[in-house]
Each structure stands twice: as C-alpha cells, then as structure tokens.
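Asks: Show me how the following folds:
(2 chains)
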Amino acid sequence: MTVTAADRRTAETAGIHLARRRLADRDPALAWLFLMPSVVYILALVAVPFVLAVGFALSDVTAGDPSYDFVGLRNFERAFDDPVFWRSLGNTFFFTAVSMVLIVVFGKVLANILVADFRGKWVVRFLVLLPWTTPVTLGAIAWLWLLDSIFSPIDWVLRELGLLGRPGALLGAESNLFWLGEPNLAMGSVIAVHVWRLTPLAAVIMVAGLVAIPRDLDEAARVDGAGWWRRMFEVTIPLTLPVIAVAALFGAIFTFTDMAVVDVLTNGGPNNATQVLTSWAFFRGIDGGDVGQGAAIALFLFPLLLAAAIAILRAVRRMEVG
Amino acid sequence: MAVVELRQLVKEFDAGRVRAVDGVDLATEEGEYLVLLGPSGCGKTTLLRTVAGLEEPTSGDVLIDGHVVTGLPPRARKVAMVFQSYALYPHKTVLGNIVFPLRAVGMKRTERERKARWAAELLGIAHLLARKPRQLSGGERQRVALARALVREPLVFLLDEPLSNLDAKLRTSARDELKTFQQGLGSTTIYVTHDQVEAMGLGDRIAVLSDGRVRQLGRPTDVYDDPADTFVARFIGSPPMNLVARDGHLVGFRPEHLLPQEALPAGAGRETVPFTVDRIEYLSGDRHVYGTVSGLGEETRVVARLPATVGTPIAAGQSYDFAVIRERLRFFDAQNGQRTEAVRL
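Replies: Down below sits the predicted model:
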C-alpha cells in the first residue's frame, strides 16, 4: 500500500490530538493550585481569628463561662472606664513612636555600614543580622539577665568605671540601677530591646533600597562638588524614601503588635509603667479570663493601624510614581 | 600650559590582576576637543574617571591646571562630567538638577538661578526647568546634563559616551550641537567613545587606546591616513584598512584607495593588483567590493570601496586589474604590528 502525502498529514494531525494537555499547560488551574495553600493559611490563621475576636469583643464570653451572649459595646465601655487601659494606650503610642524613630535612624546607619566595602564585612554583616535571627523570647531572656536587678553586668561595668555605687558617683551611690524596677528605666529598657531586635530588619530593607540606586548618581553628585552629608540628604535619602517608609511601617506595625518583649522583661510592670495594649489585652483576656474584654482591647487599635498602613503605602506609591 | 596632564598613569583592579590603564602619558592642549577612542574594555572610561577623581590611580599622576590633583576628591578638581546615563537626579526638577553644583559651593539663590537660566537658555531647555527628568526625552536629558556641567564653569569637561543613549537620527544632530557648543565655549573637553564616527567628527585630536595603552595620539587625519600600528589601522575606518602579508611585513591600504586601474591617473606611481571579485555590496552610493588580491604579497581577502563617481562595471566571479597609488601604501612590521619605512615592492 502506498502512503500518500494526505495520509501522512492526517496521521500527524491525529498525533497532535492524542497528545494530552497536561496540568502544567493550564495556567488558570495552576494559578489556583499555587494560590490555594496561602489562601487557606491566611483564612485559617488570620481571617477566622479576626472574626472570632470581633465576635468575642461583642460578647460576655469568659474563661469560666464560654456561653455566647451578645452584649453590644459594653466591653469597650468597661475598657474605657479603666485607667490602666488609657495608661496602656499612652504607653503604646510612646513606645511605638520612639522605637520607630530609633529603628529608622539606626537602620539607616547600619544599612550604610552593610553596603560599605571593607575588610571583614562578612563578620560585621553576620553580627548585625544576629538579633533579628534570634527568637524573640530568647533574645528577651538574654536581656532579662543583662538587666537583672542585682547581677546585671551593665551595672557591674558602670560600677567598675566608677559611675555607680560610690558616694558622689554620676549615676548614684546605690549598687544597682534596677533597670526593670524604675518606671522610666523600665520603659527605656523595653524600647532599647525592641530597637535592638528590629533594627536589623529595617537595615536589610534599606540596604535593598540603597543598592538599587544607580552608582552614577552618587558619582555625579561627587563630581558636582557635593560632600558626604549633602549626598546623603539630597541624593541617597530622597531616592530611598519609599523604602525607608516601608521600613518605618514594618517597625511601627511590629512594635504596635508586639507583646513578647514587654511580657518577658517587665510583664507590664512596675505598676503598669510599661503596660501596652497588647500585653494588657493578654493580661485581661487570657491571664484574667475575661475573653470579651481582652478581645475588645486588642481590637481597639485595628482601625488606627489599618488607616496608618493605608496612608503610608499610598504615600510610598506616590513617591515611586513621582 | 596643558589643562589636563597624565603622567605614567597606571590603574590596576583586583589586586593587580587586571591592568585597566597601563602607563599612559597624555596632555590636552588649551581649549581642545580630545577624544579617547577604543574598543570596550580598553581602559578609556577608567582613564576618564581617574581624571575626574572617581578612581584613584595605582601609580602615576594627574595634573589639572598645572597642579597635581592625584589624591584630591572630585569636588576639588574643577572638572565637570557628563555620564553615559546622564545621571540626572530623578527626584529633582531640571532647575534643581542644574543648580545642584552651585548649591554645593554655597552660591546665593538669586545668583545660582540666574546662572542656571543662562545655561538653560544656551542649551535651549529654558522651557523645561520645572519638569522632572522622567518627563524629558533622551536629547533633552542630555542637554540638562550638559547644563549641569556648564554652570560649574569647569576647567575641563569630561564626557563619557554622552551620545550612546540616543537613537541614531538624534545622535547625528546631537553630535553637531556638541561640537558647536564646545567651540562656542572654547573649553577643554575630554570625550570618551567607542564610536569612530563620533571620534573623527568631534575630535581635534584622537587618542586611540587599546589594552590600557595609548596606541596613537593625533589629529583625525593622522590616525586615519597614517596609523601608528596595525591596531589603529584596523580599528579606524569602515571597512578597516586592508593588510597584506609580504616578507615579514604587512602592506596596508585603505579600501577607497584600491580602485580599478583605469579610475586612477596614469603614471602616478601605481601598483597594479590583480583582484578576483566574489561579492559586491551597494552602500550609500558606494560599491564595497569583496575579493582576493594577489601580486602585492600573499593572496589575501580584501575590500575595495568604489565611490559613485567610478562607473567601471564589476561583476562577481570575475578578475580585474585594480591598482593602488604607491604613496597610499603603508607598511607595518608583521611581528609587532608597528609602522615601518616603505618597502620596495
């Protein structure tokens, strides 16, 4: 039998039809498949708890009586009547504002160190990133020891330097500073530990911004006669502003929502001097068993945070487009 | 006095593994347009950056206006540079870009704006002062970069391939403007390019660089007509100079000098060359004829460029009697490529 050209063509067409479209060829299906795990994850760990929190905040659920009764805004009214709530709110804003400023400033300085080219930069980079890679609680516990009321090595160094523990010494004649016992020092300590922990993250974000600046621009500014400070404030910082804003946003949100540092270091003390909304919500809702009120306190800042995040991200977008 | 002088300049990278600039001696003449020409990686940009102070030389000295500035930072050198990317500050307006160097030296606001306007008028960008760089075309950006360089009133302009980001059409007009601009100012300019057309068109003198060394320094006619070695001979000219090996020498002649015998005046000391044609290209009115010559030396593939005024019919696959006027021949040492005295053929 002779095979004609037409026959061969038919056979080839049939071969094409026989080849199946595989899953890897179907983009819409693949998109869903790859998105699903993260969607499930976000729904289960963010959306569901959030809805639960809203539900609890409007109920009288406690650890002892989990039956759900709708009580409207009573939990919020009770929280607002409590002076500790207002103290915590003030502390939260103070804690966040000071931490954010310090994180951005130190992050910027560290970022400049990280992009600089010098001998042994790998060791420095490793050390800089160490606080961020350490688990929060481990880091906080290490600081708990450093700030111990009696055995604090910081106090020891100050004593050895003659700044503490002698009559007429700069920081007082007592043998210890009681870092976590004095209200102002306690707040300072909490801020310091938080800044120590979040600065590397901000630095890494800012490094990403710094390396994205074309080298030509810095060189042009050098030839144009600009010194280091002028280049920093007129070229580098304006060009990395969107990235700095993102770092600040991260810093603010992590500070607002963090309770580990406060909980481990001071547990909100002394006398609620370092109590922040998150730790207060945990204290009331989990330790105290008043789930409804805990949820109400925790939710209080949600609209504020949301507005802040939207405002900053919009500003960043405008800067990028402009 | 030379505005810029380089003495035995050497620049090494990677702890001496790469020698980008290898012992360069060079001096500009007052108000001249000096072009550094060479292929990619020949060290021309490194050389320019060393003059600007963006690179510190490994050894040797840079002198500007008679002073050794080798260790000085760029801002102390009274130079202005236009980068290949123009390096305009994207967050500043055109005016902000132009006054930036003036603010760095602490000039008063009214004074610096007056000067920026003067520069902008000169370059025809006065109507763009309020715009941001991203709202400008390539040609406009280049002018802004030039204006920013101009307001510094530098002793020397350093231009690093400023035309390479423009499209071909714009490049021709921008080249013309650059030359007019420089002649109007009468300022010394060092211009880096890998494009020989720019170099030939713009340069008062051209320094041809290869492997970090200056192969030849001379006027465009010098480097074209009298190349110092085979590198310059092959690098400049399109198509490049033909080289034919003969007894330890290379005989060189430009494609436009290899012409049909009858197109050359008789008795002008012609060297007749049998030429077997295998391909013809018709480019901008000229005929580029590819083929093999014999007679001058070893059989070699060469190109002849016949101008439109030469009407001799030529066909592929045929042999013709071509000729070169003897005084157009150049001779090089086959070993080191250096120019030598004429050899008797």
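Asks: Now for residue 241: which residues touch it?
Replies: As the question left the chain open, I've gone with chain A. By C-beta atoms under 8 Å, 6 or more residues apart in numbering or on different chains, residue A:241 lies in contact with residue A:319. From N, CA and C alone the C-beta is placed, and that goes for glycine too.
Asks: um, chain B though
Replies: For residue B:241, the contact set (C-beta under 8 Å, 6+ apart) comprises B:227, B:233-234, B:252-255, B:330.
Asks: I'd like those written out as a markdown table, with pLDDT, neighbour count and secondary structure added.
Replies: Below are the contacts of residue B:241 laid out as a markdown table (pLDDT from 0 to 100; neighbours: other C-beta atoms under 10 Å in any protein chain shown; DSSP: H, G, I helix; E, B strand; the rest coil):
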| residue | pLDDT | neighbour count | secondary structure |
| --- | --- | --- | --- |
| B:227 | 94 | 27 | coil |
| B:233 | 94 | 27 | helix |
| B:234 | 93 | 16 | helix |
| B:252 | 93 | 21 | strand |
| B:253 | 94 | 24 | strand |
| B:254 | 94 | 23 | coil |
| B:255 | 94 | 21 | helix |
| B:330 | 93 | 21 | strand |
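Asks: Kindly reformat these as CSV containing distance to chain A.
Replies: Supplementary listing: those in CSV, determined by distance: C-beta to the nearest C-beta, whole Å:
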residue, distance to chain A
B:227, 34
B:233, 34
B:234, 32
B:252, 40
B:253, 43
B:254, 38
B:255, 39
B:330, 41
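Asks: ok, which residues in chain B are in contact with chain A?
Replies: B:52-54, B:73-75, B:79-81, B:83-85, B:87, B:89-91, B:100-101, B:103-105, B:132, B:148, B:152, B:158 (C-beta under 8 Å from any C-beta of the partner chain).
Asks: nearest to residue A:40, of the contacts of residue B:241?
Replies: Using C-beta to C-beta, residue B:234 comes nearest to residue A:40 of these, at 66.3 Å.
Asks: What are the boundaries of the helices in chain B?
Replies: Assigned by DSSP state H, chain B shows helices spanning B:44-52, B:94-104, B:109-123, B:138-150, B:168-185, B:196-202, B:220-225, B:230-235.
Asks: Go through the third one and flag the buried ones.
Replies: Think helix B:109-123. B:112-113, B:115-117, B:119-120, B:122-123 (16 or more other C-beta atoms under 10 Å in any protein chain shown).
Asks: what packs against the lowest-mean-pLDDT helix or strand in chain B?
Replies: Ranked by mean pLDDT, DSSP states H and E, the weakest helix or strand in chain B is helix B:168-185, scoring a mean of 85. Contacts defined by 3 or more C-beta pairs under 8 Å, 6 or more residues apart in numbering or on different chains; DSSP states H and E place helix B:168-185 against helix B:138-150, helix B:196-202.
Asks: Tell me which of those helices sits most buried.
Replies: Across those, the average number of neighbours (mean count of other C-beta atoms under 10 Å in any protein chain shown) peaks for helix B:138-150, which reaches a mean of 24.
Asks: what residues does that helix touch?
Replies: By C-beta under 8 Å, 6+ apart, the residues outside helix B:138-150 that reach it are A:224, B:80-83, B:86-88, B:94, B:97-98, B:100-101, B:116, B:119-120, B:122-125, B:128, B:133, B:136, B:157, B:162-163, B:165-167, B:170, B:174, B:178, B:181, B:185.
Asks: hmm, try it at 7 Å
Replies: Contacts with helix B:138-150, where a contact means C-beta atoms under 7 Å, 6 or more residues apart in numbering or on different chains, come from A:224, B:80-82, B:86, B:88, B:94, B:97-98, B:100-101, B:119-120, B:123-125, B:128, B:133, B:136, B:157, B:162, B:165-166, B:170, B:174.
Asks: Just list the residues touching residue B:25, thanks.
Replies: Residue B:25 sits next to B:6-8 when contact means C-beta under 7 Å, 6+ apart.
Asks: can you list the residues of chain A near chain B?
Replies: Those residues of chain A that sit near chain B, judged by C-beta under 7 Å from any C-beta of the partner chain, are A:214, A:216-217, A:219-220, A:222-226, A:230, A:235, A:238-239.
Asks: Dump these into JSON lines; add pLDDT as well.
Replies: What follows is the residues of chain A next to chain B, written out as JSON lines (pLDDT from 0 to 100):
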{"residue": "A:214", "pLDDT": "89"}
{"residue": "A:216", "pLDDT": "90"}
{"residue": "A:217", "pLDDT": "92"}
{"residue": "A:219", "pLDDT": "92"}
{"residue": "A:220", "pLDDT": "93"}
{"residue": "A:222", "pLDDT": "92"}
{"residue": "A:223", "pLDDT": "91"}
{"residue": "A:224", "pLDDT": "91"}
{"residue": "A:225", "pLDDT": "89"}
{"residue": "A:226", "pLDDT": "89"}
{"residue": "A:230", "pLDDT": "92"}
{"residue": "A:235", "pLDDT": "91"}
{"residue": "A:238", "pLDDT": "90"}
{"residue": "A:239", "pLDDT": "90"}
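Asks: Which among those count as buried?
Replies: Neighbour counting over the residues of chain A next to chain B (16+ other C-beta under 10 Å) leaves A:216-217, A:219-220, A:222-226, A:230, A:235, A:238-239 as the buried ones.
Asks: wait, which of these is closest to residue B:244?
Replies: Nearest member of these to residue B:244, counting by C-beta to C-beta, is residue A:216, at 44.9 Å.
Asks: Please list all residues in contact with the closest one.
Replies: Contacts of residue A:216 by C-beta under 7 Å, 6+ apart are B:83, B:85, B:87.
Asks: same thing with residue B:274?
Replies: So residue B:274 contacts B:293-295, B:319, B:321 (C-beta under 7 Å, 6+ apart).
Asks: let's go with 8 Å and repeat that
Replies: Taking C-beta under 8 Å, 6+ apart as the test, what residue B:274 contacts is B:293-295, B:319-322.
Asks: Return the subset of those residues lying in strands.
Replies: Mapping the contacts of residue B:274 onto strands (DSSP state E) picks out B:293, B:319-322.
Asks: Which members of those residues are classed as buried?
Replies: Among these, those classed as buried by neighbour count (16+ other C-beta under 10 Å) are B:293, B:320, B:322.
Asks: what's across from the second one in the sheet?
Replies: The one in question is residue B:320. Legend: beta-bridge partners of residue B:320 under DSSP bridges are residue B:275.
Asks: That one reaches residue B:275, doesn't it?
Replies: Yes - contact criterion C-beta atoms under 8 Å: residue B:320 and residue B:275 qualify, at 5.3 Å.
Asks: Which residue would you name as the spatial centre of the chain?
Replies: With no chain named, the answer covers chain A. residue A:254 (2.5 Å; C-alpha atoms, centre = their mean).
Asks: Wait, chain B was what I had in mind.
Replies: Centre-nearest of chain B using C-alpha atoms, centre = their mean is residue B:199, 2.9 Å out.
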